[in-house]
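K.L.:
Sequence first, then the predicted structure, then my questions.
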Amino acid sequence: MKRLMALLLMLCIALTGMALAEDELYEEVDDSEFNEDATVHVVGAVYPDKVLSDFDSNSPALYTARMTAYTSGYVERDIESERVFRVGDASARGEVLYIDPTWVIMRYQGKLAYVKRHRIFSVTPVDSSTTPPYGTQKHAYVAKTAATCYVRKSMSDQDESWVVLNPGTTISIWCMYDGWAVVNYMRSYGYINLEQLTDLTPVSPTDNPLREDTPIAAYTSYYTMVDTEKNHNRIFNIARGSELISGIYQPGDVFDGNKIIFYFTADGQNYHCDIGNLDPNASYRVTISYDSSRYYLYGLMKVEGIG
């Protein structure tokens, strides 16, 4: 399935005052590049995610969440496995006990089951003081690649790699396990031999830095380094978005990335945005994207002020 995942026109031109070529205003992400249901054959061990037997009816929940209509819960991380429950309409709300890249462990009406992540929505932390917003994952370290670095599919130097990183690349690391750095790659895990990394720096577990030179948050997004128009657009958008959110913030300042890049929520409200420094002789494209497979965009969008 292909979706146009577009940064809004405002992201690309709001602060530049320059006319961009039409093909620089959007990126096309091909979801078929990674099939989360495909079996990945590996040589070595992989990170041991928790399983149903690690939880019971009294286990504390991280989140509450609603499930889309006709969602099923399974006894294994496999939609062909035995079904534990199946909900009717989208009003069913359960408790999320554990999250991995593609599944959650959910408790619904006292029953534990695996549910696909894309089947849950309206996810709310049970305790927002100790649990980050859903979809936010706290990474523990940042590091640089000491040489050409292979992000393996398992903890084995003999296994295939998801991607190859150039020397000097800065990455974030979710956790360490058995001599390997565990990172997020697409909707799976990737593994880097710690011998290929240098300048390992801890990320503060709280909003207060451990030292003056340590970050309070870090995340890495991987993309395929191929010489295609699609990839050029994505690289441009990532670089431009990074420029927009970069800055120095003083104590008490609020960082709102969604506001900076004009990210609008589908909450029924009307939004207004002014864009300046446009070239009246240039052509621009306004592209709207959304990140949900459950909802559809509808309504009126009005663009005015340009002859």
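P.N.:
Right, received. Where do you want to start?
K.L.:
For this protein, which residues score under the pLDDT cut-off?
P.N.:
1-39, 224-225, 258-259, 261-278, 284-307 (pLDDT under 70).
K.L.:
how about 50 then?
P.N.:
The model of the chain has pLDDT under 50 over residues 1-34.
K.L.:
Residue 195 - that's part of a helix, no?
P.N.:
Yes. According to DSSP: H, G, I helix; E, B strand; the rest coil, residue 195 belongs to a helix.
K.L.:
Which residues are in contact with it?
P.N.:
Listed by Cβ atoms under 8 Å, 6 or more residues apart in numbering, the contact partners of residue 195 are residue 146. C-beta: built from backbone N, CA, C; applies to glycine.
K.L.:
could we number from 48 for the rest of this?
P.N.:
Yep, numbering from 48; the last one is residue 242 now.
K.L.:
what pairs with residue 211 across the strands?
P.N.:
Beta-bridge pairing for residue 211 (DSSP bridges): residue 197.
K.L.:
Surely it is in contact with residue 194?
P.N.:
No. Counting by Cβ atoms under 8 Å, residue 211 does not reach residue 194; the two are 10.9 Å apart.
K.L.:
what ranges do the strands span in the stretch 198-347 of the chain?
P.N.:
Applying DSSP state E, counting those that start in this stretch to the stretch 198-347 of the chain gives strands spanning 208-212, 217-220, 222-224, 227-232, 235-240, 244-249.
K.L.:
Where does residue 189 fall, secondary structure wise?
P.N.:
Using DSSP states H and E, residue 189 maps to strand 188-192.
K.L.:
What spatial separation is found between the nearest residue to residue 219 once chain neighbours are set aside and residue 204?
P.N.:
Among residues not flanking residue 219 along the chain, residue 265 sits closest, at 3.8 Å (Cβ to Cβ, 6 or more residues apart in numbering). Remark: distance between residue 265 and residue 204 (Cβ to Cβ, to the nearest Å) = 25 Å.
K.L.:
repeat for residue 262
P.N.:
29 Å.
K.L.:
try residue 89
P.N.:
Counting by Cβ to Cβ, the separation of residue 89 from residue 204 is 12 Å.
K.L.:
Can you say which of the strands of the stretch 198-347 of the chain is nearest to residue 136?
P.N.:
When the strands of the stretch 198-347 of the chain are compared by Cβ to Cβ, strand 235-240 sits nearest residue 136, at 31.5 Å.
K.L.:
Buried residues of that closest one, list them for me.
P.N.:
Buried residues in strand 235-240, counted by 16 or more other Cβ atoms under 10 Å: 235-239.
K.L.:
Let me have those in TSV, extended by distance to residue 249.
P.N.:
Formatted as TSV, the buried residues of strand 235-240 follow (distance: Cβ to Cβ, whole Å):
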residue	distance to residue 249
235	25
236	20
237	20
238	19
239	17
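K.L.:
how long is stretch 135-147 from one end to the other?
P.N.:
25 Å (Cα to Cα, to the nearest Å).
K.L.:
you'd agree residue 202 is up against residue 236?
P.N.:
No. Using Cβ under 8 Å as the test, residue 202 is too far from residue 236 to be in contact (9.6 Å).
K.L.:
Between those two, which contacts overlap?
P.N.:
Residues touching both residue 202 and residue 236 by Cβ under 8 Å, 6+ apart: residue 93.
K.L.:
Mind jotting down where the helices sit in this structure?
P.N.:
For the chain, the helices defined by DSSP state H occupy 56-60, 276-292, 304-307.
K.L.:
Quickly compare those helices and say which is most buried.
P.N.:
helix 56-60 (a mean of 21; mean count of other Cβ atoms under 10 Å).
K.L.:
my guess is residue 91 meets residue 225, correct?
P.N.:
No. Counting by Cβ under 8 Å, residue 91 sits too far from residue 225 to count as a contact (9.7 Å).
K.L.:
Enumerate the positions of stretch 223-238 that are buried.
P.N.:
Buried, per 16+ other Cβ under 10 Å, within stretch 223-238: 227-238.
K.L.:
Alpha carbons of it, as CSV, please.
P.N.:
Below are the C-alpha coordinates for stretch 223-238, written out as CSV (Å, rounded to 0.1, in the frame of the first residue of the first chain):
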residue,chain,number,x,y,z
MET,A,223,21.9,-2.7,25.4
TYR,A,224,21.5,-6.5,25.3
ASP,A,225,24.1,-9.2,25.5
GLY,A,226,26.9,-7.0,24.0
TRP,A,227,24.7,-5.5,21.3
ALA,A,228,23.0,-2.2,20.8
VAL,A,229,19.3,-2.6,20.1
VAL,A,230,17.8,0.0,17.8
ASN,A,231,14.4,0.5,16.1
TYR,A,232,14.4,-0.1,12.4
MET,A,233,11.1,0.4,10.6
ARG,A,234,8.7,-1.8,12.6
SER,A,235,11.3,-4.2,13.9
TYR,A,236,14.5,-4.3,15.9
GLY,A,237,18.0,-3.8,14.5
TYR,A,238,21.2,-4.9,16.2
